[in-house]
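1. Return a 3D structure for these sequence lines:
(chains A and B)
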Amino acid sequence: MKLKNYGEGIAKGMVITMKNALRRPITTQYPEQKLSVSKRTRGNMLVWDKSKCISCSMCARACPVNCITMVTSRDENKKLQMDKMDYDAGVCIFCGLCVEACPQSCLYMDSDYEKARYSRKDLKFTKEDLLMTEKSKPSGYYNPENAAKLPEQTLLIDRK
Amino acid sequence: MSVFHNILPAVFDSAPLASDWPGGFWAHMIIFIVILFIFVIFMAMAFIYFERRVISRFQIRIGPNRIGPFGLLQPVADVIKILIKEDIVPFNADKILHLLAPMAAITPAIMVFAVIPFMNGASLVDLNIGILYIVAISSVSVIGLVMAGWGSNNKYALISAMRVIAQVVSYEIPMALVIIGVVLFSGTLSMNGIVQAQSIPYILLQPLGFVIYFLAAMAEINRTPFDMLEAEGEIVAGFNIEYSGFKFALFFLTEYTEAIAISAIITTLYLGGWKGPFLPPVLWFLIKVFAVFALIIWVRATLPRLRIDQVMGFAWKCMLPLAIINLLITACQVIFLPDLSQWVLVVANFVITGILIVLWSRFFRITGDKVET
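-> A predicted model of the protein is given here:
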């Protein structure tokens, strides 16, 4: 007769919960503490690098839901210029096809995820809102040189 | 009236009744009842905070920490939130029972504290039948729960009430039997006398008794794994499903008051009560109470809820025979081996406990009739 089933399963369970109690809590207290998202995340915004753009409208054509509206014209030197570039984040499905379609790699996904707004009309952005500044954090999606600048992804707070 | 002559100036002074106090006997009585009541309310809030913090550590969380330093004001916020809710009475409810049920539940739970010794002799009334009084009064709370279940006119509440009657009545029996074991060793029924008789804590002399009392007490106060009463997955919230506002707050307070009472009784019976070196007795008592409650939370964090037939089978097939055997062994030890060193009895009782638990696991399965191995 083997000595088992005398309540040792309960003892094992108690040991497991006690081990958990001695671990550090894994809670991320969100507004104060934030995790680093994946380097290749497709966040809730687009970032547009105006200096490299050739106004080819490839991004607007690649968009499956037509959330990018683009109006271009030629200036006196027969060069394309961007008159209007509207982006509706409320329609966007964040598929990243516009980023992949860009021949100059001047359009990026944002790595930010805190873009919630109170009203739907606040989700419509013009080209001034999309401009690349020091504050914007373009994602590494389809752009390895952007990925190199971003921090490593963290799954637990204060731990890799 | 003779029992009331033992009334003591509660937690501050262990001297007998100071007859020269202004206001006479009844003024003392009322003052210390109010002090005890306020103590119970604050302890209940402390226990709610303590349980939420400790169980979140068992679940690798942090727990409430937003309101006040370390979340200490969280219970206050909860109480305010509950009390400003609308008080809803179901249309076809038995309105009188529905109103009286929370009061019937909380009164016995608070009455238990009358005989708990916080220091040497520092209890509201040092009854010479203290533990008998506790056994008698603590199960009266069930009447309140049954009134709630019947008066709510709700099928879940009624099922819960039926379950709680069956469960609590079953677990009363082994609970009372193992208390007799303690009483045999101490030779007195007075709570303070039991503490004074413990030269070593009775958890060492009565390990099996402690285990049985602990499990029966968990069933008595309806805590996981014996919370058939509330079983969120099956009967939604049980007896308090139709309660809101102040009445719900009273039920919530009852649950935690009973938890405090059971922790205090276990402390008194098995852990040496207010006895302890260096620290003042009141502090020792509170430390032990919180330690017992931490053990209850640990069990709650680990074990899932049992089925109702498993709960009843555990009470009648496992706890009751073991309690009777424990009583027999204790009686034999007290009668035939009165001069034996207590430490020999400690070793012997631990060995007997181990053998009995393994033996009972041989011919009793909680999951059905099939015996493996």
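
2. Please say whether there is contact between the helix or strand hosting B:Trp26 and chain A.
-> Taking DSSP states H and E as the definition, B:Trp26 sits inside helix B:24-58. Yes - applying C-beta under 8 Å from any C-beta of the partner chain, one finds helix B:24-58 in contact with chain A at B:Val54, B:Ser56, B:Arg57, B:Phe58. To be clear about C-beta, it is placed using only N, CA and C from the backbone, and glycine gets the same treatment.

3. Name all residues that make contact with the nearest residue to A:Cys67 once chain neighbours are set aside.
-> Spatial nearest neighbour of A:Cys67, excluding adjacent residues (C-beta to C-beta, 6 or more residues apart in numbering or on different chains): A:Val91 at 4.0 Å. Contact analysis of A:Val91 by C-beta atoms under 8 Å, 6 or more residues apart in numbering or on different chains lists A:Val65, A:Asn66, A:Cys67.

4. repeat that for 10 Å
-> A:Cys63, A:Val65, A:Asn66, A:Cys67, A:Ile68, A:Arg120, A:Leu123, A:Lys124 (C-beta atoms under 10 Å, 6 or more residues apart in numbering or on different chains).

5. Could you identify the most distant pair in the residues you listed?
-> A:Cys63 and A:Arg120 (18.6 Å; C-beta to C-beta).

6. Using JSON lines, please lay out the contacts of A:Val91 together with neighbour count.
-> Compiled in JSON lines, the contacts of A:Val91 are given as follows (neighbours: other C-beta atoms under 10 Å in any protein chain shown):
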{"residue": "A:Cys63", "neighbour count": "20"}
{"residue": "A:Val65", "neighbour count": "11"}
{"residue": "A:Asn66", "neighbour count": "10"}
{"residue": "A:Cys67", "neighbour count": "20"}
{"residue": "A:Ile68", "neighbour count": "21"}
{"residue": "A:Arg120", "neighbour count": "11"}
{"residue": "A:Leu123", "neighbour count": "18"}
{"residue": "A:Lys124", "neighbour count": "17"}
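
7. And the residue of chain A that's closest to chain B?
-> For chain A, the residue closest to chain B is A:Tyr6, as judged by C-beta to the nearest C-beta, at 3.8 Å.

8. got a pLDDT number for the closest residue to that residue other than its chain neighbours?
-> For A:Tyr6, ignoring the flanking residues on the chain, the nearest one in space by C-beta to C-beta, 6+ apart is B:Ser361 at 3.8 Å. Looking at B:Ser361, its pLDDT reads 78.

9. In a helix, B:Ser361, correct?
-> Yes - per DSSP: H, G, I helix; E, B strand; the rest coil, B:Ser361 lies within a helix segment.

10. right, and it touches A:Gly7 too?
-> Yes - shown here, B:Ser361 and A:Gly7 form a contact pair, counting by C-beta atoms under 10 Å, at 6.3 Å.

11. Could you check how many residues crowd around B:Ala217?
-> 23 (other C-beta atoms under 10 Å in any protein chain shown).

12. Correction: the previous question concerned B:Ser152.
-> Number of residues near B:Ser152 (other C-beta under 10 Å) recorded here: 26.

13. Any idea what A:Met109 is bridged to?
-> Beta bridges link A:Met109 to A:Leu46 when assigned by DSSP bridges.

14. That one is in contact with A:Ser38, isn't it?
-> No - look at A:Met109 against A:Ser38 with C-beta under 10 Å: they stay out of range, at 11.3 Å.

15. shared neighbours of the two, which are they?
-> A:Ser139, A:Gly140, A:Tyr141.

16. Stretch A:91-98: how far from the chain's middle?
-> Distance of stretch A:91-98 from the chain centroid (C-alpha atoms, centre = their mean, to the nearest Å) equals 11 Å.

17. in chain A, which spans are strands?
-> For chain A, the strands defined by DSSP state E occupy A:46-48, A:68-74, A:80-88, A:107-109, A:124-125.

18. Mind putting these into TSV with mean pLDDT?
-> TSV is the format used below for these (pLDDT from 0 to 100):
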stretch	mean pLDDT
strand A:46-48	88
strand A:68-74	88
strand A:80-88	86
strand A:107-109	88
strand A:124-125	88
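
19. Tell me the spacing between B:Ser160 and A:Cys98.
-> According to C-beta to C-beta, to the nearest Å, B:Ser160 and A:Cys98 sit 58 Å apart.

20. And these two? Which one has more around it.
-> Taking other C-beta under 10 Å, B:Ser160 and A:Cys98 do not tie; B:Ser160 has more neighbours (29 against 22).

21. packing partners for the helix holding B:Trp26?
-> The contact analysis (3 or more C-beta pairs under 10 Å, 6 or more residues apart in numbering or on different chains; DSSP states H and E) places helix B:24-58 against helix A:8-22, helix B:74-83, helix B:95-111, helix B:245-270, helix B:281-302.

22. ok, 8 Å please
-> If you count contacts as 3 or more C-beta pairs under 8 Å, 6 or more residues apart in numbering or on different chains; DSSP states H and E, helix B:24-58 packs onto helix A:8-22, helix B:74-83, helix B:245-270, helix B:281-302.

23. Which among those helices is found nearest to B:Ala136?
-> Nearest of the helices and strands packed on helix B:24-58 (C-beta to C-beta): helix B:245-270, 13.0 Å.

24. Okay, buried residues for the closest one please.
-> Of the residues in helix B:245-270, B:247-270 count as buried by neighbour count, 16 or more other C-beta atoms under 10 Å in any protein chain shown.

25. And for stretch B:150-166?
-> Of the residues in stretch B:150-166, those buried (16+ other C-beta under 10 Å) are B:150-154, B:156-161, B:163-164.

26. Kindly indicate which of those lies nearest chain A.
-> B:Arg163 (22.7 Å).

27. Show the pLDDT at the closest one.
-> pLDDT recorded at B:Arg163 is 87.

28. To which secondary structure element is it assigned?
-> helix B:155-186.

29. By neighbours, which of the shared contacts of A:Met109 and A:Ser38 wins?
-> Within the shared contacts of A:Met109 and A:Ser38, neighbour counts (other C-beta under 10 Å) peak at A:Ser139, which reaches 26 neighbours.

30. so who does that one touch?
-> A:Ser139 touches A:Lys39, A:Arg40, A:Thr41, A:Arg42, A:Gly43, A:Tyr108, A:Met109, A:Asp110, A:Ser111, A:Asn146, A:Ala147, A:Leu150, counting by C-beta under 8 Å, 6+ apart.

31. Can you verify my assumption that the second one contacts A:Ala148?
-> Spelled out, that is A:Arg40. No - contact criterion C-beta atoms under 8 Å: A:Arg40 and A:Ala148 do not qualify, at 11.8 Å.

32. shared neighbours of the two, which are they?
-> By C-beta under 8 Å, 6+ apart, the residues touching both A:Arg40 and A:Ala148 are A:Gly140.
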